[in-house]
Structure formats: C-alpha cells, structure tokens
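>>> okay, sequence plus prediction incoming.
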Amino acid sequence: MTPPTPPPPEAPHSGVAPTHAAHASSSSELRPVPLVQANQDSAVGSRLRVHGWVHRTRSSGGIAFLVLRDATGQMQVTAKRDVLGEEGFARTEKALVESALIVDGVVASDRRAPGGHELRAERVEVVHTAEVFPIYAEQTEEFLLDHRHLTVRTRELVATTKVKAEALRAARAFLDQEGYWEVTPPILSGNAAEGGSEAFELEYFGQKAYLGQTAQLYLEALIYPLEKVYAIDPSFRAEKSRTPRHLCEYTHLEAELAWAGMKENLDIQERLVSAILHQVAERRKEELELLGRDPKELRSIEPPFERIRYEKALEILQGQGFDLRWGSDLATAEERAITLERTSPVFVTHFPKELKAFYMLQDPDDPRTVMGADLLAPEGYGEIIGGSCRETDIGRTIAQLEARGIPRAPYEWYLDLRRYGSVPHAGFGLGVERVVRWMTRREHIRDTMPFPRTPSRLLP
C-alpha cells in the first residue's frame, strides 16, 4: 500500500473562506456532485460544488494545489489568494491531509492534474482541519494494521474493497438468474458443523454453542422447500494458521442445490466464478489496474475448468519433489505448486474420505474417496472453493459420525433430513476473500478485509 504522504506539521485551523459577493446568491443554490462527475470533459466550464477529504496538498506563493478524494475518485483543486482573500486562503493552505472541505468553483482542463481536470476554487469551506495524519509509506506492517481504521482510506484498500463489493454483486446477480433463493441461516449454532476442533466455542445461556464454520447444514434443510439456496455470511475458524491465505473470520458464499450430482455441482461453481471475474473485469477496470491485475486476464477465463483426481495431483507433486503418499492432505505449499504455472482454475476431485467431512458422499466406484472437489485458483493462489455431493443415507451418515467420534445428539435434527424426503443434493462454499486476493494479486489475504481477524489480531 502507498498511503498519502502528509505535509509538514501545521497548527490546526478551521473555518469558512469568505465568499465573494458576486457569487453569494448562486453559491447557496449549488448541490454537491461526486468528484468523478466533476472530473470529466463534459463538466468543463461548469460551476460546481464538491466535497471530500484532502489527499495531497502543496502551496506555492499565492496558490495552493489540493487533491481531494471522495468515494468516487480524486480531483485537483486550485485555490488562489486573490480569489479567496487572505483569511480564506490561509485556512485553505493550512488544511492538512485528511481535512474535510466543501469547494465551489469552475471546472477547467489541465492535463497535469489527476483525471485531466481541475476545480478552480471560488469558495472553500474547511469543515474540519485534521491533525497530522500518522500514516505514511515507511511505517511497519504492524503499525499499519494497528491503525487499520485509518489505513482503510489508502488507495489500494479502497480499490480492493470496491472489487470485493463488485464480486458480491456479481455473485448475487448470477445466482438470482439461476433461480437460487438467498437465505439467512444462523451464525450461532449448537453443533460444530465440520465436527472438528477448529470451532470457536462459547457459552450460550448455560449451553455450549459455536460460531458458525459453515451454513451448510442449514442450507441442506432449506433445499426441501426451496430446492436451490445460497447464503453470504461470516464464517469462523479457530485455526492458528499464519499463512497468507488464512483468516479466523471470513466471508463465506455457500450454495446448496437439490436433485444434483457431481457434474451439476462443478458446473455451477465454474460458471459462478467466471461470472464474477467477467463482471469485475468489466466494471472495476481502473481498480484492477491500480492493484496490478490486467482485466483481460480475468475476462479470458472461461468454463470448463480442468479436472484432475487427487491421485493425479499426488503424481504431479511427487514429480516436483514433494514427499507425499495416499492420504496426505494438500496444504498451502502443495496447492501453490499445482497452480503456480496455470492461468485458469483447476478442480482437484475425489479426495480420500478421511480427509473430508462426515457428510460427503462416498464414490460408489471407489469407496476410498468422496464425490467432492476443491477448486484451486491459478498463479499459486490455491483453494477458493470446497464442495461435494452429500450423503443421503441415514445409516451411512450415522456410521460416519461414529467413526469420527462425533456425538450424535447435536445432529439429530440433521439426521431428520435423511428421514423425510431425502434426495440427491450437492453444494459448495466459496471463500470470498480468497477469490478477491487472487483477482487483485494481494500478497496476503488480510488486505482483502477492512478489519482482518487473525490469531494475533482482534483490534481495531
């Protein structure tokens, strides 16, 4: 990230620059416009009002140059002493980085300015004069994380946040078009859905409860009345993993579909991912380029994605010097090795059943494996989706719970789904931040969250 460099410290000031009498009546009639609207050829010659925060500032004699930012972009403001008057110019000149301003002025062309235009100020209202902004490029990563409430204003984090918002918008649009219903499952649960030790446990009115690792079990219940459902919720993993792709809290897009098998499950996943990539490439081109991603690379990714079985993945990795055998899991290093030279995602399918959750359907042609797959992003970014067909037979589901030492009582409600109208079904979970990390080429997944939660970080 490249935060704005603050100017030398100045004593704080605030106030409103005097408005020239010639503009007093018309000034009150102006309504603020976004900077992206003001910074266009069509606005040249127009008298506009903008508001925003100072991103950069410098002064030379009787003229001050300020770059303002708002949610839509940036624009240069030129303020002159002989226009604003002595007092108004002094207050404008001393408005430090992150000071909040309202500016009335006339738009003019200037190829040296950001976006090719500037607003020549006739009136400047200093709404708030900031103190010296403590964020600049030479600070440590820990300092920047400690001040994340301020670093969320940097261009890179703003761009990443916009890409993420577009990705979620694209996902919802695609799933809506496919006939899925968005539902709202609980985050608090009486059972750890994955059945492992990676759940955050808490006390809930005298009962043991967990923060949700996945909404899957609830989505399975909802396919019976709705058939195709999805949810976008936070999920929590009490893993002390300190890799560039792990968070303790992340955004989970999960979907479940009735009357579906392996083919339908992989098909919807690859089409969803492609829809997200294409919409982001189309609508967030500027942000992607700022972050170092050519939008053409995302637009070029089309289904179908390659499928390789787990055993083939082992052969590939063994050929690269990894000491692996049947039953070895594929962790960060292994997934990176498989995908580093690829330019499109790849499915790894049919993992050993011991590596996966109790609810996954065994492959009838190879009972050692499950009818599931992980979708790995290219360029070394690794897993972005995990999914499977679900076991529909109550006897085999109970046997899997017992084999793994998972108490049956908290899952009795889930077993009811196998007693009343059980049908073939499948689903998947997509890690939104992992997809965004890949799209935006972020080195660490924490830079895809405004306020990341890791084993060592709970504030701000």
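It's in. Numbers count the residues shown, from 1 in each chain.
>>> okay, buried residues for stretch 288-300 please.
Under the neighbour-count criterion of 16 or more other C-beta atoms under 10 Å, stretch 288-300 has L288, L290, L291, R293, P295, E297, L298 buried. (C-beta placed from N, C-alpha, C; glycine too.)
>>> got the phi and psi for A90?
A90 adopts backbone torsions of phi -60, psi -40, taken as degrees, to the nearest 10.
>>> what about it, how many residues nearby?
15 (other C-beta atoms under 10 Å).
>>> before we move on, back to that, which of the buried residues of stretch 288-300 sits closest to G387?
Set against G387, the nearest of the buried residues of stretch 288-300 by C-beta to C-beta is L298 (21.6 Å).
>>> sec struct for the closest one, please.
The three-state assignment at L298 reads helix, by DSSP: H, G, I helix; E, B strand; the rest coil.
>>> re earlier: for the buried residues of stretch 288-300, which one is nearest A79?
Of these, the one sitting nearest to A79 (C-beta to C-beta) turns out to be L290, at 27.1 Å.
>>> contacting residues for that closest one?
R155, E156, A159 (C-beta atoms under 8 Å, 6 or more residues apart in numbering).
>>> show the pLDDT at the first one.
Looking back up the chat, that one is R155. We have a pLDDT of 94 for R155.
>>> same deal with the last one?
Reading off the per-residue confidence, A159 sits at a pLDDT of 98.
>>> how about the helices in the stretch 301-450 of the chain?
Per DSSP state H, counting those that start in this stretch, the stretch 301-450 of the chain carries helices over the ranges 310-319, 332-339, 394-403, 412-416, 432-440.
>>> in CSV: those helices, plus mean pLDDT, distance to W326 and mean neighbour count.
Output for the helices of the stretch 301-450 of the chain, formatted as CSV (pLDDT from 0 to 100; distance: least, C-beta to C-beta, whole Å; neighbours: other C-beta atoms under 10 Å):
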stretch, mean pLDDT, distance to W326, mean neighbour count
helix 310-319, 97, 7, 16
helix 332-339, 96, 14, 19
helix 394-403, 96, 18, 15
helix 412-416, 96, 30, 14
helix 432-440, 98, 27, 25
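>>> quick one, which of those helices gets closest to K94.
Nearest of the helices of the stretch 301-450 of the chain (C-beta to C-beta): helix 432-440, 36.2 Å.
>>> follow-up on the earlier one: what's the closest of the helices of the stretch 301-450 of the chain to F236?
helix 432-440 (13.2 Å).
>>> and that closest one, how far out from the chain middle?
Here helix 432-440 shows a centroid-to-chain-centroid distance of 6 Å under the convention C-alpha atoms, centre = their mean, to the nearest Å.
>>> so what touches it?
Against helix 432-440 from outside (C-beta under 8 Å, 6+ apart): 159-160, 163-164, 167-168, 232, 244-245, 247, 250-253, 273, 276-277, 280, 287-288, 291-293, 298, 377-379, 381-384, 442, 444-445, 447-449.
>>> likewise stretch 66-80?
Applying C-beta under 8 Å, 6+ apart, the contact partners of stretch 66-80 are 34-39, 50-57, 62-65, 89, 92-93, 95, 101, 103, 105, 110, 113-115, 117-121, 124.
>>> what's the domain layout of the protein?
15-128, 143-448 (automatic domain parsing).
>>> by mean pLDDT, show me the worst of the ones you listed.
Ranked by mean pLDDT, the domains of the chain bottom out at domain 15-128, which scores a mean of 90.
>>> how distant is it from the center of its chain?
Here domain 15-128 is found 33 Å from its chain centre; the criterion is C-alpha atoms, centre = their mean.
>>> also stretch 114-132?
31 Å.
>>> just to revisit the earlier point, let me have the domains of the chain in CSV, extended by distance to L459.
Listed next are the domains of the chain as CSV, based on distance: least, C-beta to C-beta, whole Å:
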stretch, distance to L459
domain 15-128, 21
domain 143-448, 8
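>>> just give me the neighbour total for P114.
When counting by other C-beta under 10 Å, one arrives at 18 neighbours for P114.
>>> just the one 3 residues further on next, same as before
For H117, the tally of surrounding residues (other C-beta under 10 Å) stands at 20.
>>> in which helix or strand would I find V83?
Applying DSSP states H and E as the criterion places V83 in helix 81-84.
>>> other SSEs contacting that helix?
Using 3 or more C-beta pairs under 8 Å, 6 or more residues apart in numbering; DSSP states H and E as the contact test, the elements touching helix 81-84 are strand 117-128.
>>> and the strand it packs on, what does it pack onto?
Here strand 117-128 touches strand 15-16, strand 47-60, strand 73-80, helix 81-84, helix 86-93, strand 100-109, going by 3+ C-beta pairs under 8 Å, 6+ apart.
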